[in-house]
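*Asks:* mind looking at a prediction? Sequence and model below.
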Amino acid sequence: MTSRKPPRVGDSPTFRRFLIAFVLIVGTLLIAAPLAVIFAQAFSKGWPTFASTIAHPDTRHAIFLTVVTALIAVPINTVFGIAAAWALTKFDFRGKRLLTILIELPFSISPIVAGVAYLFVYGLQGLFGPLLQSADIKILFALPGIVLASMFVTAPFVARELIPLMQAQGRDLEEAATSLGASGWRTFFYVTLPNIRWAMLYGIVLCNARVMGEFGAVSVVSGNIRGQTNTLPLHIELLYHDYQTVGAFAAASILTVLALVTIVAKVLLERQGAGRHHGSALAGPVAVSQDTTR
Amino acid sequence: MKITLDNVVKTFDTFRAVHGVSLEIESGELLALLGPSGSGKTTILRMVAGLEFPDSGRILFGDVDATDIPVRERGVGFVFQHYALFPHMTVAENIAFGMKVSKVRRSRAEIDARVNQLLQLVKLPGLGNRFPSQISGGQRQRVALARALAVDPKVLLLDEPFGALDANVRRDLRRWLREIHQELGITTIFVTHDQEEALDLADRVVILDQGKIAQMGTPRDVCRNPNSAFVTRFLGDANRFSGVSSNGRVTVAGVEVATAAIPDGPAEMYVRPTDLIWLREGQGVPVRITRVLDRADGRRILAETEDGTHIEIDADVDLDVEAGQRGFVQVKRANVYGAGA
């Protein structure tokens, strides 16, 4: 009887049907249904209510603050990510491993820990607290704190997309460009950047999504001042606790739309060969193809 | 451009890659750096290019000390093993890159004309609009060479240029590179681990072992008079016999061989498979055949001496032998070194 078993695990039609159905049901319950509820609730009292909630100054300010945060944090983290990936893949130095781990650390640390840490560094009782206060610089409970906390959480996004790709590409291209007389900047803009652009954009899209959606770290450092330091995710929570369900869901629907845009951008970028699993497609010069056509 | 390396040393972390190498490359010479992996050959090439800097010693281009001149200003053409063509640029754009970034301003028409001329030189006319991914490996390496030549380098440096190609393409490109060198007369250094490639192509071969020069000379020099057991073994298949030397004669497996002067004591004799003669009966070292390999140009006999030493003998295509037969081998020509040499 054993010889009649399907050659691979899960190859029988029953099992296949069961598995597909299982994933479909769980996916619907866990992901699709809640998303649908957001939009249903947001529009439950009709379009005018939705529009007036969005138009509320506090909500508008929250959207504004979220966008401003992203506009500051994402470019800085992009530059940081490129610099980090460059340093880690094109140079050899002591402590390289440690630096790699350090850059990836924000992925594994709970964002709230980051928030609390920032409290201890920049807070009134914190390390630089008195110094900052005497200089009249406000970091916590203000935009700088929000940006810093968001940056901490999203620091690895761009670097992590670039490192495997740049590792696979090696240093040959840059060395070739320099040996042909190109300056460092020229090499970067004409040789390095064109070869990492899709992966970089992919990282930026992910980074942006996370900055806009970040809750934990920001909630600690922002102080939740309505209309002043409330980002969109914090505002949603506030509205929800105020029993303004429609308002909360309306605000949430905006974040969801942002997420959907992100996903579409991500898929489009993956078609261009970006993303971790497609990284090798970009590594053209390294993938040595043997000349067998002659 | 004559190039001089003066006692160049390079250490990576704790690993010493190059131990005091001194070398002169004459203007217009085609020189091969030959050695096994880890022998420091690529490091030497990269130091000449300016992609690495020596810890001590000097590198001269003509009479100019180039030791600290960065690669960008050194004026070398470097060809990488894996081509390192810019994948987002066409073949023509790749070749034009060096001219476009050069301090010497050239007009568009001037650059285009030079690109076409180089494409002719590397025998790829009409492929200018292709991308590197659309051409074969051999073609890519030719584009890489054209790109390196476009900046009129003083020296051409090639790092295992044919290493990633298959055997037939490799042989063609070798001959072709030799022609190009003849035509341009540019001082050229190339690195390889393939003895055949080095001997085929170079005016002079430098054999490296563990960061030191083991021997240098013309292909004929190093082939006929290898100065050490290492060089002998590295240049080709060699049978090793242990023996004893006394008064200028070496006794190996009961057979005496006349040799050049080496000190009395234990000695090692190396014999190429073609320098052994198989005899069905007669005098010589007694052996037993374990296997016979047939090749396009002859038969290779694998045999064992009475003390269990494995040897290989090249024989004529017509020789009728088979595994299990017993016979004798005679030594036509041998290189003998004191033990440990």
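*Replies:* Alright, I've got the coordinates.
*Asks:* quick one, phi psi at the residue of the stretch 101-250 of chain B at minimum distance from chain A?
*Replies:* Taking CB to the nearest CB, chain A has its nearest neighbour within the stretch 101-250 of chain B at residue B:137, 3.4 Å off. Backbone N, C-alpha and C define where each C-beta goes, glycine included. Taking degrees, to the nearest 10, you get phi -60, psi -40 for the backbone angles of residue B:137.
*Asks:* what's the local residue count around residue 206?
*Replies:* All of this refers to chain A. 21 (other CB atoms under 10 Å in any protein chain shown).
*Asks:* nope, chain B
*Replies:* That count, for residue B:206 with other CB under 10 Å as the rule, works out to 24.
*Asks:* OK, contacts around the residue lying closest to it once chain neighbours are set aside?
*Replies:* Of all residues not flanking residue B:206 in the chain, residue B:216 sits nearest, at 4.3 Å (CB to CB, 6 or more residues apart in numbering or on different chains). The contact partners of residue B:216, taken as CB atoms under 8 Å, 6 or more residues apart in numbering or on different chains, are B:23, B:204, B:205, B:206, B:207, B:222.
*Asks:* repeat that with 7 Å
*Replies:* By CB atoms under 7 Å, 6 or more residues apart in numbering or on different chains, the contact list for residue B:216 reads B:204, B:205, B:206, B:207.
*Asks:* and for residue A:250?
*Replies:* A:42, A:50, A:53, A:54.
*Asks:* isn't the residue of the stretch 101-250 of chain B closest to chain A up against residue B:166?
*Replies:* No: judged on CB atoms under 7 Å, residue B:137 makes no contact with residue B:166 at a distance of 8.1 Å.
*Asks:* looking at these two, which one has more neighbours?
*Replies:* A count of neighbours by other CB under 10 Å puts residue B:137 above the other of residue B:137 and residue B:166, at 22 against 14.
*Asks:* how is the chain divided into domains?
*Replies:* By default, I'm working from chain A. A:13-42, A:48-281 (automatic domain parsing).
*Asks:* to clarify, I was referring to chain B.
*Replies:* Taken from automatic domain parsing, chain B resolves into B:3-230, B:237-338.
*Asks:* and the domains of chain A, which one averages the lowest pLDDT?
*Replies:* Mean pLDDT per stretch puts domain A:48-281 lowest among the domains of chain A, at a mean of 88.
*Asks:* how far out from the middle of the chain is that one?
*Replies:* 6 Å (CA atoms, centre = their mean, to the nearest Å).
*Asks:* show me the contacts for the residue nearest to residue B:197 when sequence neighbours are not counted.
*Replies:* Nearest residue to residue B:197, sequence neighbours excluded (CB to CB, 6+ apart): residue B:174, at 6.2 Å. Residue B:174 makes contacts with B:162, B:197, B:200, B:201, as judged by CB under 7 Å, 6+ apart.
*Asks:* returning to what we had before: which of the domains of chain A sits most buried?
*Replies:* domain A:48-281 (a mean of 18; mean count of other CB atoms under 10 Å in any protein chain shown).
*Asks:* which bits of the stretch 101-250 of chain A sit near chain B?
*Replies:* Counting by CB under 7 Å from any CB of the partner chain, the residues of the stretch 101-250 of chain A close to chain B are A:172-173, A:175-176, A:178-182, A:186, A:191, A:194-195.
*Asks:* max-length helix in chain B?
*Replies:* helix B:167-184 (DSSP state H).
*Asks:* which helix or strand lies directly C-terminal to that helix?
*Replies:* Of the helices and strands lying after helix B:167-184 in sequence (DSSP states H and E), the nearest is strand B:187-192.
*Asks:* elements contacting the helix or strand that that following strand is followed by?
*Replies:* Using DSSP H and E, the next helix or strand after strand B:187-192 towards the C-terminus is helix B:195-201. For helix B:195-201, the packing partners by 3 or more CB pairs under 7 Å, 6 or more residues apart in numbering or on different chains; DSSP states H and E come out as strand B:30-34, helix B:167-184.
*Asks:* among the residues of the stretch 101-250 of chain A next to chain B, which two are most distant?
*Replies:* Maximum pairwise distance among those (CB to CB): 19.3 Å, between A:181 and A:195.
*Asks:* which of the contacts of residue B:216 tops the neighbour count?
*Replies:* Going by other CB under 10 Å, residue B:207 tops these with 27 neighbours.
*Asks:* contacts only, for it.
*Replies:* Residue B:207 sits in contact with B:34, B:35, B:214, B:215, B:216, B:222, B:231, B:234, where contact means CB under 7 Å, 6+ apart.
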